[in-house]
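>>> no sequence on this one, just coordinates:
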C-alpha cells in the first residue's frame, strides 16, 4: 500500500497557481485524486460517486457503527466501575503517592476521596457490575463488553473530544466516521454515509470539528441532521420547481461539473457532483426517514419516544433506521455529562442524564439484535474521559476530569458480549490491568470493519496520516 512520490516538472514549479492548473489539465488534479484513492484503498468504481462501496482490507464482522458519545465525560465510579475500597475511605485524604506527577483540570491538591454515590450489583452471565442508575442496562449486559481500563491523553473537553474522534487533540484531522466512509464507502444510495444526531440543551464543544473530514474530500464529513421533519436546510426546491424541470437542472449542473472535473481533476468537484445528486434523492428519503411515527406503538414505547418531542430516545431510533438504510457511521451526541458539582452534580443531575439514555440504549441494542443487525453493527458508548476518585470543593457533590482510568463499552460487530475487560486500582486512580488507550479503541473499531488501521492512510503535508497516528493496537481479547 506504500506509494512513491516524484517531484513535478520544473516548468510547473515556476508557474503561478492559476497557470499551474491551466497548463496541467488533469495532471495535478489527477495526482491529488490518486493520492487520495490509492493511499491504502482502491478507488470507487464510479468516479462521480465517491461514497460508492469499496473493498475492505479483509473480511470484517461489522458493516456499520453507532457511536454514543456522552459529551462531558460520565463518571465511571457511579456507573460501571465498582470501588468498595473508595467507599470505605470516603472523606479521607488520598495517599500522596496517588497524586504524584498527576495533572488535573481543576483540582487544587487538597481534595478528599469521594466514595461512590450509588449502589452496585452484578448482572448477567458474566457478573458485570452496574450501578442502580442503569436498570435497563441489566437487560443488555450480556451483549456489551465493558472497558474499565480506558485511558486518554487530554483532560480538557474540546481537545479530548477531538482526540477521541480524530486521534489528535488538534483541529484539522479527519474524524473516525470520515476515515471509515473514505475507506469502505457507504451502502446508502439516498442518504449520507456519515450522519450526526444531537440531543441535550446544546451541542458538544468544538461542534463540527468532531465530524470533520479534515484533509480528506468534504464528501466524507459528517452531516448533522436537525431536529424535526426537515433535517437538512434548503433541501426542498423553491416553489414551482419540481419534477422534470428540477431533474433537468440537476443534470445540467452535473454535466457542467463533469466537464470541469475532466479538465482539472479536482476531487472537490467530484464531491460537488455527488452532493447535488444526493440532495436530489434526499428530497424523498429524508422525510420518510424522519417519520418515526411509522414505527409500531410498542417500538416507540420501548425507546421512550413521545410524539413530536425530540430526544435521545428518538435519535437512537433514528440511528437504527439509518443503519437499516445502509448508512455507514452514525454519531449520537448527548450533552451535559460534566458533573463537577455546582450547577451539575452527581447526586441530582447525573440521575437525570442516566434516565434519559438508559432505556433508549437498551431498546436500541435489543432492537438491533431482534432485527439481525447487531452482529453487523458496532455500538460504542462513552465520553471523552472519566471522573476523579477525589471530589471537588464546590457547592454540591462532583468530580473533576480524569484521563488515567475510566469506562466505556462496545457491543455487536465482532465484539464479545457479557464480559468486562480492564481493571483500575482499588481507588480508581489508574489502570491496573488490561489497559485500552483511545488509539486502541480506534484500531479495534476499524479492525471490526475489516480495516487495518496501519494501512488506512493518506499522505498530507509530507507524511502519512492515519486515525491512530503512530499508535494503537487491536484489542484481540475482546473479539469473538
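Received the coordinates, thanks. Quick caveat, the model's predicted, so the values are computed rather than measured.

>>> how close does the residue lying closest to residue 90 once chain neighbours are set aside get to residue 143?
Distances taken as Cβ to Cβ, 6 or more residues apart in numbering put residue 115 closest to residue 90, at 3.1 Å, once the chain neighbours are dropped. Yep, even glycine has a C-beta here, placed from its N, CA and C like the rest. Here residue 115 is placed at a distance of 30 Å from residue 143 (Cβ to Cβ, to the nearest Å).

>>> what do you get for residue 413?
For residue 413 relative to residue 143 (Cβ to Cβ), the value is 11 Å.

>>> do residue 459 as well
40 Å.

>>> Could you check which of these two has the larger neighbour count?
Shown here are residue 459 and residue 143; by other Cβ atoms under 10 Å, residue 143 has more neighbours (21 against 17).

>>> For residue 130, see how far away the more buried one is.
Using Cβ to Cβ, residue 143 is found at 13 Å from residue 130.

>>> rewinding a little: between residue 413 and residue 143, which contacts overlap?
residue 374 (Cβ atoms under 8 Å, 6 or more residues apart in numbering).

>>> Leaving out the residues flanking it, which one is nearest to residue 133?
Nearest to residue 133 is residue 354, by Cβ to Cβ, 6+ apart, at 4.1 Å.

>>> isn't there a helix covering the one you found?
Yes - according to DSSP: H, G, I helix; E, B strand; the rest coil, residue 354 belongs to a helix.

>>> Surely it touches residue 79?
Yes - at 7.4 Å, residue 354 and residue 79 qualify as touching, with contact defined as Cβ atoms under 8 Å.

>>> More neighbours: those two, which one.
Neighbours were counted for residue 354 and for residue 79 using other Cβ under 10 Å; residue 79 has more, 28 against 23.

>>> quick one, strands of the stretch 101-250 of the chain?
120-123, 128-131, 144-151, 194-199, 223-224 (DSSP state E, counting those that start in this stretch).

>>> Residue 408: which of those strands is closest?
strand 144-151 (4.9 Å; Cβ to Cβ).

>>> by contact count, what packs against that closest one?
strand 128-131, strand 377-382, strand 406-411, strand 419-421, strand 423-424, strand 431-433, strand 436-437, helix 438-448 (3 or more Cβ pairs under 8 Å, 6 or more residues apart in numbering; DSSP states H and E).

>>> Can you list the strands that it pairs with?
The strands that strand 144-151 pairs with in its sheet are strand 406-411 (antiparallel), strand 419-421 (parallel), strand 436-437 (parallel) (by DSSP bridges).

>>> hey, which of these is tucked in deepest?
Greatest average neighbour count among those goes to strand 406-411 (a mean of 27), per mean count of other Cβ atoms under 10 Å.

>>> on that earlier part again, among the helices and strands packed on strand 144-151, show me which one is buried the most.
strand 406-411 (a mean of 27).

>>> now that strand, how far from the chain's geometric center?
13 Å (Cα atoms, centre = their mean, to the nearest Å).

>>> likewise stretch 124-134?
25 Å.

>>> for stretch 103-120, same thing?
With Cα atoms, centre = their mean, you get 28 Å for stretch 103-120.

>>> Over to stretch 461-475?
Centre-to-centre, stretch 461-475 and its host chain are 17 Å apart (Cα atoms, centre = their mean).

>>> Can you give me the buried ones in it?
Residues 465-468, 472, 474-475 are the ones in stretch 461-475 that count as buried (16 or more other Cβ atoms under 10 Å).

>>> What's the separation between the closest residue to residue 460 other than its chain neighbours and residue 193?
Among residues not flanking residue 460 along the chain, residue 215 sits closest, at 4.6 Å (Cβ to Cβ, 6+ apart). Applying Cβ to Cβ, the value for residue 215 to residue 193 is 18 Å.

>>> where along this protein do the helices fall?
Secondary structure of the chain (DSSP state H): helices at 10-13, 17-24, 27-37, 84-88, 96-99, 157-166, 176-184, 243-264, 267-290, 297-303, 312-324, 349-370, 438-448.

>>> tell me the mean pLDDT for the second one?
Along helix 17-24, the predicted local confidence has a mean pLDDT of 42.

>>> And the first one, by the same measure?
Per-residue pLDDT over helix 10-13 has a mean of 38.

>>> and if you look at the last one?
Averaged over helix 438-448, pLDDT sits at 98.

>>> Report the angle between that helix and helix 176-184.
Here the directions of helix 438-448 and helix 176-184 differ by 30 degrees (axes from the mean of the first three to the mean of the last three Cα atoms, to 10 degrees).
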